[in-house]
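*Asks:* This is the structure alone, sequence omitted:
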């Protein structure tokens, strides 16, 4: 079955590594005819806990004077990790309601640059429901949609954005994600485990993927955490199935919720036979949080 | 200002001690004329974390062949700690929606024995809104109330009781409170602190009151927990103000939520200068919970 | 059983009539010793659809130079009918969350003048839970309460007040209640029925009590409306039981909801055998509403 | 831009007419080579208020011994109008959460026959997110999804189905839609207006499309209803824009809500200058409802 009516040149990377920017650079510089129409990159790779440097991708495009569109999957980054649509000249950015926006699943959010809108007019790819043109036509007439929108989710989006932008402040939100993520990594280190993320420069502030020893099935950790402690960890997917479990720490989550979750991970690790010292990861995370956590503004 | 138009013989106890059952026994045995109309006792004393043995109170009444009514304040016990209206021949039991029932504040729930209903008919105390007679008259006619009821809270009560009685099961709910409370006490011990509760027999499974060293103001712990970690601890009240803080663990709360809260207490203790080892209380609580926590039935 | 430890001089009125202001005037003028401590009056009498002129009561007090407190039950008026605490020098005003504020039942709201607060200090009446002094003491320390408050209801109150004061505007809210009430009275007239309210000056803008012919039991109308059309009408209470039914039109209700309710009343009237012309009351109400209803501000 | 990689033979009909079953019959009988792979038909056409006889389509297919799949758009019918997946051997049926199920917009619900599942395996059409195969693979492993599901909507669906199937009962739900629709049509007749639906056999029990006189712009009716009475009518779409407005009456709607809406339509008609007698449509609808509405089961 044909899935796309265009060629896709996927640059395969090791799981846990970021996008291979050196190879991308070579390919773009070699593409004198500008046959590459778009560079697609994931900002934060949810399955491995890898954050790519989108600014660097933009610099490569610019250095190569390459006109390709820059399309970014920001599903698990936008609203949690610093993302700069304008500075990085991102052409299309995507996110969903159920991640950093802390809403129910249901909204896909797309942001497109004028350059992307122009390109879309000339594109020949198959489009029906997701055709931007239909939406733009209706937007012009007011608050209308070509298809029935989910009003509830739109009200929720308004509330979520108010919380992020006005109540807590985007900079504080990003700092909080950074703080909670580092606390999580400190816990992983204290447990004597390693990250799936291959290099520190790729560490993710929204999800931490943890590699387990080869004699442990990471699915068992996820299962016991869920069945005994009502804790939802992420399983390892695809190539890292059974080898990795994931701790999500994005959206409307705070210090003590994270510490409770880390305590739950410790219990699950112990129950699958991993020699963990109870409280060790929690203590490491606490030490980091004690230094970094500010007073809650509205309570000062 | 006159508050009650009847005599009240309050048996004062040390804060942190349970009801003085020996003295109660003497008083009841000495009351040959049965001038005592009712014995009022708190099942679980929220401000000190003390649980009284209501069954023992009943046995004292029975042994003295005393007809006094047994009135029990079960606000922070009923639905969390074993309470036996019938076995203990309790005449009036009270609770509120906002404790073990995990509902918003708003409903006061009263249960009365036939003996209490009979006594109420002959009582001369001032009653208006809370006059049972008005309610009973309307109940007879169907689902009616003498005053506008809060339908939302009544639907909530239905849902709460379904969760307690059908989904989790009352025995499991009581076992969970017992488990979380013991885990909390283990944490307190690990921190090198003591309970406000004077003897183990009075330990409470819904609230733990912790005594702090004399050079620490317990209000500061409560304040920092709230302002920095969004954790609501209880202050010490009245005679133990500044000397005690309280950790509530009743209602719809689970293992990891408790561990998160305990981690927050540790952080607050550290910040007020108490020499706590981070993770120590969490680890002690984890050790207890790992042994005691069953799998979640619906996920087995 | 003693209900109050003070004398109450109730001025009885015919059901459907307003407060007898002439008699009140005589009593106050005769009370040279100022033995009357407070004048209690209901702003809007829910069971008969009668609105009293509170400003006139104040003028009587002032003309008599009488220092009695003015206590007003504004349960079914405040937030719907013009009420002027300051202009009328009301000393205590009461309302509830479940009426004009459109919230669930649960909050009693009390507003007291400095004069009332001062009087409360010297009052000898029995008070426990509802002792203002306890509340005022805690308010001084910040957002605290002597007893556990219903946070949910307080957030709801904030939202309700925002809707009334900011979104729709209090003047518009009052005008809407006036418009819907007059439409309802036009419908009653079109049905050939009369109001329980004895004179036009007492007409209520929040509830309309309708007298049925003697050969009809008004409870039957209420019953069929509820059982067949899911419409909650009010029964006649006490002296007017069986003779009157009531249509409530206060709070967050709009034109078409009222017209739907009036259509339901017509159906219920028909089913109990009253010779009503279907659509007649609705048409009369529509004619009034068509003239009076403004465009919705946010949609203009 | 290519939208589908297969041929579509659209049988155009007059707006307001049902599917041309005679022409369908001819085409299917003529298609000896079975080049037609699927017959797509809308059960209830939302824009014109037309319901097609799906059973008749099935009989045509059977009579022609034609193996084409029967694909049915049941968006505004399933859960409100009698629909028989099994009896009519429908191969694919679609609906959405926001219509008869009375949920927020957000779920698309697809039901496929074994024959459709088999055909999907061999289909060459472009599929990504909506590929059934991915879903079926995950369903086999338990309650899993290939993509993040909207748990909230799934809980809502459970509640909605309980209301339809258990509380009210599907037969009663269908009867209620029938009753409300006929009441609406009676109102339209009383106003002297006509249906967009060309023949009675196509009348829809979920939406009524009303044709206005040529000198009236139906958009004005919709606008005034919304701006003055907070009533959402549907505009005429495409070929019937400005000529038709639509009254929706599906989902969790009852008699008095409908009568309120009809009263609003009358007011809007009057305001655009149409000579309507206020109350006339309401009265006609009431007359029908009085006869047809049963007592509410839970209140009997």
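*Replies:* That came through, no problem. As the structure is a computational prediction, the values presented were derived from the model and not from experiment.

*Asks:* Per the annotation, how does chain A divide into domains?
*Replies:* A:21-165, A:170-299 (automatic domain parsing).

*Asks:* ok, the last one near chain B or not?
*Replies:* Yes - judged by Cβ under 8 Å from any Cβ of the partner chain, domain A:170-299 comes into contact with chain B at A:226-231, A:254-261, A:263-264, A:266-267, A:270-271, A:277-280, A:282-284, A:286-287, A:289-290, A:293-296, A:299. The way it works is simple: take the backbone N, C-alpha and C, and place the C-beta from them, glycine included.

*Asks:* Which strands or helices does the helix or strand harbouring residue A:281 pack on?
*Replies:* Taking DSSP states H and E as the definition, residue A:281 sits inside helix A:280-292. Where contact means 3 or more Cβ pairs under 8 Å, 6 or more residues apart in numbering or on different chains; DSSP states H and E, helix A:280-292 is packed against helix A:170-190, helix A:255-271, helix B:255-271, helix B:280-292.

*Asks:* can you put these in a markdown table and add mean pLDDT?
*Replies:* A markdown table is the format used below for the helices and strands packed on helix A:280-292 (pLDDT from 0 to 100):
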| stretch | mean pLDDT |
| --- | --- |
| helix A:170-190 | 98 |
| helix A:255-271 | 98 |
| helix B:255-271 | 98 |
| helix B:280-292 | 98 |
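
*Asks:* Just say which of the domains of chain A is most tucked in.
*Replies:* With neighbours taken as mean count of other Cβ atoms under 10 Å in any protein chain shown, those reach their highest mean count in domain A:170-299, at a mean of 20.

*Asks:* where in the stretch 201-300 of chain A is pLDDT low?
*Replies:* Along the stretch 201-300 of chain A, no part satisfies pLDDT under 70.

*Asks:* sorry, back to before: would you pull up how far the helix holding residue A:281 lies from the middle of the chain?
*Replies:* In this view, helix A:280-292 has its centroid 24 Å away from the chain centroid, taken as Cα atoms, centre = their mean, to the nearest Å.

*Asks:* cool, stretch A:8-16 as well?
*Replies:* 17 Å.

*Asks:* Give me the buried stretch members for that stretch, please.
*Replies:* A:13, A:15, A:16 (16 or more other Cβ atoms under 10 Å in any protein chain shown).

*Asks:* Can you show me the helices along the stretch 1-150 of chain A?
*Replies:* Taking DSSP state H, counting those that start in this stretch as the test, the helices found in the stretch 1-150 of chain A are A:21-30, A:54-63, A:114-122, A:132-140.

*Asks:* can I get those in JSON lines with mean pLDDT?
*Replies:* Converted to JSON lines, these look like this (pLDDT from 0 to 100):
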{"stretch": "helix A:21-30", "mean pLDDT": "97"}
{"stretch": "helix A:54-63", "mean pLDDT": "98"}
{"stretch": "helix A:114-122", "mean pLDDT": "94"}
{"stretch": "helix A:132-140", "mean pLDDT": "90"}
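
*Asks:* Let me know which of the ones you listed is the nearest to chain B.
*Replies:* helix A:54-63 (32.3 Å; Cβ to the nearest Cβ).

*Asks:* elements contacting that closest one?
*Replies:* Other elements packing on helix A:54-63 under the criterion 3+ Cβ pairs under 8 Å, 6+ apart are helix A:21-30, strand A:38-42, strand A:69-73.

*Asks:* Around chain D, which positions in the stretch 51-200 of chain A sit nearby?
*Replies:* Going by Cβ under 8 Å from any Cβ, the residues of the stretch 51-200 of chain A near chain D are A:96, A:98, A:104-106, A:123-128, A:148-153.

*Asks:* before we move on, back to that, got the helices and strands packed on helix A:280-292 as CSV, with distance to residue D:24 columns?
*Replies:* Compiled in CSV, the helices and strands packed on helix A:280-292 are given as follows (distance: least, Cβ to Cβ, whole Å):
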stretch, distance to residue D:24
helix A:170-190, 57
helix A:255-271, 59
helix B:255-271, 60
helix B:280-292, 67
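
*Asks:* For residue A:17, grab the count of nearby residues.
*Replies:* 16 (other Cβ atoms under 10 Å in any protein chain shown).
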